[in-house]
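Undergrad: coordinates for the following, if possible.
(2 chains)
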Protein chains: 2
Amino acid sequence: MKLNERGLLVVLSGPSGVGKGTVRKALFATEGNNFTYSVSMTTRAKRPGEVEGKDYFFVTEEEFKKKIDEGGFLEYNYFCGHYYGTPLDKVEVALDSGKELILEIEVNGCRQVKEKMIDAVTIFIVPPSKEVLYQRLKSRGTESLEEIRERVDKANAEFGLAYQYDYIVVNDTVENAADRIRAIIRAEHASTRRSIYKYYEMLGDQKDEWE
Amino acid sequence: MKLNERGLLVVLSGPSGVGKGTVRKALFATEGNNFTYSVSMTTRAKRPGEVEGKDYFFVTEEEFKKKIDEGGFLEYNYFCGHYYGTPLDKVEVALDSGKELILEIEVNGCRQVKEKMIDAVTIFIVPPSKEVLYQRLKSRGTESLEEIRERVDKANAEFGLAYQYDYIVVNDTVENAADRIRAIIRAEHASTRRSIYKYYEMLGDQKDEWE
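TA: The predicted structure is shown next:
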């Protein structure tokens, strides 16, 4: 029996290069999973092959700013001349359907999420050591030394924000990290603050007859 | 990598007849588990076949009361003319060894545990319905109707204490309940309040050299 029918909002975040995307993919590959994601909204131009409502919701800057003013985003960012955001109404629909909504969000977006959704489960993914992170950043081979230096500095600054999160998950191997996150989701559903009202409601509906 | 080397103190509790003992046994049967238990202290007489330090630590009432005065128990109870308690020093030794210490405690003992060990993880095991609990109490066949009535009343009163616990775990099947508890233990180790100091300590020990 599942006491809590509403899905959890699970935020995955962590320093650049830690492997957030790979961990998220491993989660969505879980057999019989109940996970869903939310399509972001952006002001950048649609690229060839991208589908409205699947890759992004494409809107004008005016429309985006109007939605910001209305408090319509769970979180949003301005990045390289364009806005990107998670529409709040889509989040609510997903959670009410009973699915666990997994969002991958920039480190600076976590505080915004907690302000809008106090119930969110926030997870900070970290490397097993600084060296592993540096190696991962370097081994991509796509960035200049200067770009890697910037990412290393950014990551070191982001380590300091771990305290804002509910959980710290070490990405030693992708499967281990995904296992820890699955355990966190299961445990959070059993947490008293999430399940007690539902449980008392259930007991209250039942008869005390036993003879 | 495990960020937190100290074991967790995990308290299992719940209404009479809910199956706490069976769930505990399923946990200890987990392959490759890291669980341990604590031998209780009692003032009752040793029964034939019982072994000092294995079944119980057998002490006199005077010794037991002296230990109470010294604050030497994690929790204790007086039941049918005898004292029963969990010695605090044994608990500390077990946790420092890195093992998860699983304790099965009466519902009224939970508050005592939280006062002594704020870090304890407290789990309230509940039946999937009142009817299931009543059926379990009746099907034992060892108690009179009057005794069953007493247990039903006690269980109904104990339901009201669920809010004191960190987690509520439904014992629909023993394996499901044990799975939920294993997930809770894993998640608690990843909780930021338990792991952040260790993680920062680890990062601080490492060099920032990456070139």
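Undergrad: low-confidence stretches in chain A?
TA: Along chain A, segments meeting pLDDT under 70 span A:1-4, A:207-211.
Undergrad: all strands of it, in order?
TA: A:9-13, A:35-36, A:41-42, A:57-58, A:73-79, A:82-87, A:100-104, A:121-126, A:167-170 (DSSP state E).
Undergrad: which ones are touching the closest residue to A:Glu175 other than its chain neighbours?
TA: The spatial neighbour of A:Glu175 that comes closest, neighbours along the chain excluded (C-beta to C-beta, 6 or more residues apart in numbering or on different chains), is A:Ala26 at 6.6 Å. In this view, the C-beta of every residue, glycine as well, is placed from N, C-alpha and C. Contact analysis of A:Ala26 by C-beta atoms under 8 Å, 6 or more residues apart in numbering or on different chains lists A:Val174, A:Glu175, A:Ala177, A:Ala178.
Undergrad: do that again at 10 Å, thanks
TA: A:Gly19, A:Thr173, A:Val174, A:Glu175, A:Asn176, A:Ala177, A:Ala178, A:Asp179, A:Ile181, A:Arg182 (C-beta atoms under 10 Å, 6 or more residues apart in numbering or on different chains).
Undergrad: which of the residues you listed count as buried?
TA: Buried residues within the contacts of A:Ala26, counting neighbours by 16 or more other C-beta atoms under 10 Å in any protein chain shown: A:Gly19, A:Asn176, A:Ala177, A:Ala178, A:Asp179, A:Ile181, A:Arg182.
Undergrad: keep only those of these that are also close to chain B.
TA: By C-beta under 10 Å from any C-beta of the partner chain, the members of the buried ones among the contacts of A:Ala26 lying near chain B are A:Asn176, A:Ala177, A:Asp179, A:Ile181, A:Arg182.
Undergrad: just the ones of those in helices?
TA: With helices taken from DSSP state H, the overlap with those comprises A:Asn176, A:Ala177, A:Asp179, A:Ile181, A:Arg182.
Undergrad: circling back: now tabulate the buried ones among the contacts of A:Ala26 in CSV and tack on distance to A:Gly53.
TA: Output for the buried ones among the contacts of A:Ala26, formatted as CSV (distance: C-beta to C-beta, whole Å):
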residue, distance to A:Gly53
A:Gly19, 28
A:Asn176, 35
A:Ala177, 30
A:Ala178, 28
A:Asp179, 32
A:Ile181, 27
A:Arg182, 29
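Undergrad: now flag whichever of those is closest to A:Glu131.
TA: Distance to A:Glu131 across the buried ones among the contacts of A:Ala26 (C-beta to C-beta) is lowest for A:Gly19, with 14.6 Å.
Undergrad: against chain B, how distant is that closest one?
TA: Distance of A:Gly19 to chain B, given as C-beta to the nearest C-beta, to the nearest Å: 14 Å.
Undergrad: my guess is that residue meets A:Val174, correct?
TA: Yes. Using C-beta atoms under 10 Å, A:Gly19 is in contact with A:Val174, at 6.7 Å.
Undergrad: so what sits against both of those two?
TA: Common neighbours of A:Gly19 and A:Val174, counting by C-beta under 10 Å, 6+ apart, are A:Lys25, A:Ala26.
Undergrad: what is the neighbour count of the closest residue to A:Glu5 other than its chain neighbours?
TA: Leaving aside its chain neighbours, A:Glu5 sits nearest to A:Gly98 (5.2 Å; criterion: C-beta to C-beta, 6+ apart). A total of 13 residues lie near A:Gly98 under the criterion other C-beta atoms under 10 Å in any protein chain shown.
Undergrad: separation between A:Gly98 and A:Arg6?
TA: According to C-beta to C-beta, to the nearest Å, A:Gly98 and A:Arg6 sit 7 Å apart.
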